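S.K.: below: sequence and its predicted model.
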Amino acid sequence: MKRLFLSLAFIGSTSAQTAQQKAEQDLQLAQEQLRAFETEMTGEERVIIQEVEKIDDMVIEQHKTLTKLLRDEDNVAGKQRELDNELARRKGEFEFTLSSLRSYGSSIKNRIHPAEKQGFGEALDARRKKADRSGDDLVLEIKNRLVLLHMAADRLVQISGGERFEGSAVVEGNVIKEGRFATAGPLGYFLSNDNEIAGFTFFSAEGVTYPTIAPIKEGLEEVGKLIKTGSAMVPVDASMGKAIQVARTKKTVGQYLDGGGVVGYGILGLGAVALLIALWKVIEISQFPIPNRQKLNLILDDLLSHEAEAAKLKAGDFKGLGGKMVEAGVSYFYDKRRILEDALLEKLGMIQPKLERFLPFLALVAAAAPMMGLLGTVLGIMKTFAMMSAGGAGDSKSFSAGISEALITTAMGLIVAIPVIIVHGMLKSLAKSKFGQAEGVALSMLNGTTELEEAPVADDEVDDLDETDLVPV
């Protein structure tokens, strides 16, 4: 048993020794492998580190490149903004230039002398219309408008020393005259071909083909010499004819009458007749004899006292229709009241027409004068429109002058009608007052019969008297 234990211990000791050796060998082998692996790892690590360093270098280079590209991008963006701003400025300048050229092209026709609208103005208008028809081609429009600008510049060179040319102008009475012009800057002169009319030209409104002439009387020969020869000592109007135009608006009474024409003279003639009739009616109505009430009372006293002959003698002192009415009242005072009333009414019926005669004519004049004035105004407006169709529709001054002249007849009609209406009313009232006085006389005589006690004639004689027996005195 002891031997077995020893054997086992020996075997175990031997086995332990062998296992230890093997373990040491394995450890040594593992260490060698570890060193070999470490060596290999160190080589590979070096390679990897080199690769990483290369990659880092590349990253650094790429970062530098990226930074450079970002800077370049910022520069490009800045330049783009500068280009956009420059483009906007250029666009603004282009639009301003185009707008200025358009505005100049539209306004230059009002800046040239009115006399030039017949020649140079027509060429400008044709070029402007051509530029307006350029459509969306702005470059073509710019070119056409620049041509327009060059034409205006050439014109300034041509007229800088003065210019003479033929043309037409509107003279007094809205009549178009052919003649020649001489211009020097804003100053312009005109002489008709018949050498009868000379004067200044002044600016007119848009749309007017012919300029308006402010005629002058002094200096006509000098103006004619200037237009014919190009050199003369001529009068100068700093207002370019406007001062003369203002002076022309101050018309005399005779000029106003001439402006009314045939219709105006007809209105004035009608007014003169009405005035004469009115004066005559004032005298007639004012001097119309009305019996005196005191004398009438004396006549009534005589009649009431049955002194018919004395009453007739006193009645004969009254004149006119009023006296005849009193005589009729005396004659039929003792007759029936109805007969006396008819006799007095007959005389009153003769008095009223005489007092009111020709008064309807005054009312007719008051109504006809404004209508005649309106007729003259319509004829004048027709003439003005005919003138506008020939000379252009944009001259508000000529149009206003024509309308003003046309309204003269309306004013004349009102000037005649208003006083005639007032006079007619006054005469109507005066005639009514006179007729009222005549009626008062008739009523006095009619009422006087109420105090009659007894008629001097028999009743049977009175009954036999008929109205047909009344004979006007």
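M.R.: In hand now; what should we look at? Numbers count the residues shown, from 1 in each chain.
S.K.: so what does Tyr334 have for phi and psi?
M.R.: Dihedral angles of Tyr334 (phi, psi; degrees, to the nearest 10) stand at phi -90, psi 0.
S.K.: other SSEs contacting the helix or strand harbouring Ile421?
M.R.: Assigned by DSSP states H and E, Ile421 falls within helix 396-448. Under the contact criterion of 3 or more CB pairs under 8 Å, 6 or more residues apart in numbering; DSSP states H and E, helix 396-448 touches helix 253-286, helix 293-304, helix 320-331, helix 337-356, helix 359-391. (Glycine included, C-beta is placed from N, CA and C.)
S.K.: how about a cut-off of 10 Å?
M.R.: Taking 3 or more CB pairs under 10 Å, 6 or more residues apart in numbering; DSSP states H and E as contact, the helices and strands that helix 396-448 lies on are strand 212-215, helix 242-249, helix 253-286, helix 293-304, helix 320-331, helix 337-356, helix 359-391.
S.K.: which stretch in those has the least confidence?
M.R.: Across the helices and strands packed on helix 396-448, helix 242-249 has the smallest mean pLDDT, namely a mean of 62.
S.K.: do a quick rundown of the helices in the stretch 1-150 of the chain.
M.R.: 2-111, 120-132, 138-159 (DSSP state H, counting those that start in this stretch).
S.K.: nearest to Asn195, out of those?
M.R.: Nearest to Asn195 among the helices of the stretch 1-150 of the chain is helix 138-159; the distance by CB to CB comes to 24.5 Å.
S.K.: for the closest one, packing partners?
M.R.: Helix 138-159 makes packing contacts with helix 2-111, helix 120-132 when contacts are defined by 3+ CB pairs under 10 Å, 6+ apart.
S.K.: mind putting these into TSV with mean neighbour count, distance to Glu327 and mean pLDDT?
M.R.: Written out in TSV, the entries for the helices and strands packed on helix 138-159 read as follows (neighbours: other CB atoms under 10 Å; distance: least, CB to CB, whole Å; pLDDT from 0 to 100):
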stretch	mean neighbour count	distance to Glu327	mean pLDDT
helix 2-111	11	86	80
helix 120-132	16	88	79
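S.K.: out of those helices, which is closest to Pro289?
M.R.: For the helices and strands packed on helix 138-159, proximity to Pro289 was assessed by CB to CB; helix 2-111 is nearest, at 75.1 Å.
S.K.: tell me the angle that closest one makes with helix 138-159.
M.R.: Between the direction of helix 2-111 and that of helix 138-159, the angle (axes from the mean of the first three to the mean of the last three CA atoms, to 10 degrees) works out to 30 degrees.
S.K.: work out the gap between helix 2-111 and the centre of the chain.
M.R.: A distance of 85 Å separates the centroid of the chain from that of helix 2-111, by CA atoms, centre = their mean, to the nearest Å.
S.K.: about what we covered before: return the most buried member of the helices and strands packed on helix 396-448.
M.R.: Burial among the helices and strands packed on helix 396-448, expressed as mean neighbours by mean count of other CB atoms under 10 Å, is greatest for strand 212-215, which shows a mean of 24.
S.K.: tell me how many other residues surround Lys428.
M.R.: 17 (other CB atoms under 10 Å).
S.K.: low-confidence bits of the stretch 101-250 of the chain, can you list those?
M.R.: Along the stretch 101-250 of the chain, the model assigns pLDDT under 70 to residues 110, 161, 173-174, 185, 202-208, 219, 237-250.
S.K.: mind giving me TSV with the helices of the stretch 1-150 of the chain and columns for distance to Lys336?
M.R.: As requested, these are arranged in TSV below (distance: least, CB to CB, whole Å):
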stretch	distance to Lys336
helix 2-111	93
helix 120-132	96
helix 138-159	104
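S.K.: any idea which of these gets closest to Glu218?
M.R.: helix 138-159 (26.3 Å).
S.K.: now that closest one: buried residues?
M.R.: Counting neighbours by 16 or more other CB atoms under 10 Å, one finds that the buried residues in helix 138-159 are 141-142, 144-145, 148-149, 152, 155, 159.
S.K.: got those residues as CSV, with distance to Phe96 columns?
M.R.: What follows is the buried residues of helix 138-159, written out as CSV (distance: CB to CB, whole Å):
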residue, distance to Phe96
Glu141, 14
Ile142, 12
Asn144, 18
Arg145, 13
Leu148, 17
Leu149, 15
Ala152, 19
Arg155, 24
Ile159, 28
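S.K.: wait, doesn't Tyr104 sit right on Ala152?
M.R.: Yes. Here Tyr104 reaches Ala152: they are 7.7 Å apart, a contact under CB atoms under 10 Å.
S.K.: give me the common contacts of these two.
M.R.: Applying CB atoms under 10 Å, 6 or more residues apart in numbering, one finds that Tyr104 and Ala152 are jointly contacted by Arg111.
S.K.: wait, a helix at Phe181?
M.R.: No. Remark: Phe181 does not belong to a helix; assigned using DSSP: H, G, I helix; E, B strand; the rest coil, it is strand.
S.K.: and it, how many neighbours does it have?
M.R.: With neighbours defined by other CB under 10 Å, the count for Phe181 comes to 24.
S.K.: quick one: it from Val175, how far?
M.R.: In this structure, Phe181 and Val175 are separated by 17 Å, where distance is defined by CB to CB, to the nearest Å.
S.K.: check Pro235 too.
M.R.: In this structure, Pro235 and Val175 are separated by 23 Å, where distance is defined by CB to CB.
S.K.: how about Ala169?
M.R.: Computed with CB to CB, the distance linking Ala169 and Val175 is 10 Å.
S.K.: of those two, who's got more company?
M.R.: Using other CB under 10 Å, the more surrounded residue of Ala169 and Val175 is Ala169, with 26 against 10.
S.K.: so that one bridges to which residues?
M.R.: Ala169 forms beta bridges with Lys177, as assigned by DSSP bridges.
S.K.: that one reaches Lys117, doesn't it?
M.R.: No. Applying CB under 10 Å, one finds Ala169 not in contact with Lys117, separated by 11.1 Å.
S.K.: and for those two, which residues touch both?
M.R.: 210-211.
S.K.: quick one on the thing from earlier: so the helix holding Ile421 versus helix 253-286, what angle?
M.R.: Here helix 396-448 runs at an angle of 10 degrees relative to helix 253-286 (the same axes, to 10 degrees).
S.K.: count the residues that sit near the nearest residue to Lys117 once chain neighbours are set aside.
M.R.: When the adjacent residues along the chain are set aside, Lys117 lies closest to Thr209, with 6.0 Å between them (CB to CB, 6 or more residues apart in numbering). Other residues near Thr209 come to 20 when the count uses other CB under 10 Å.
S.K.: sec struct for Thr209, please.
M.R.: Classification of Thr209 using three-state DSSP returns coil.
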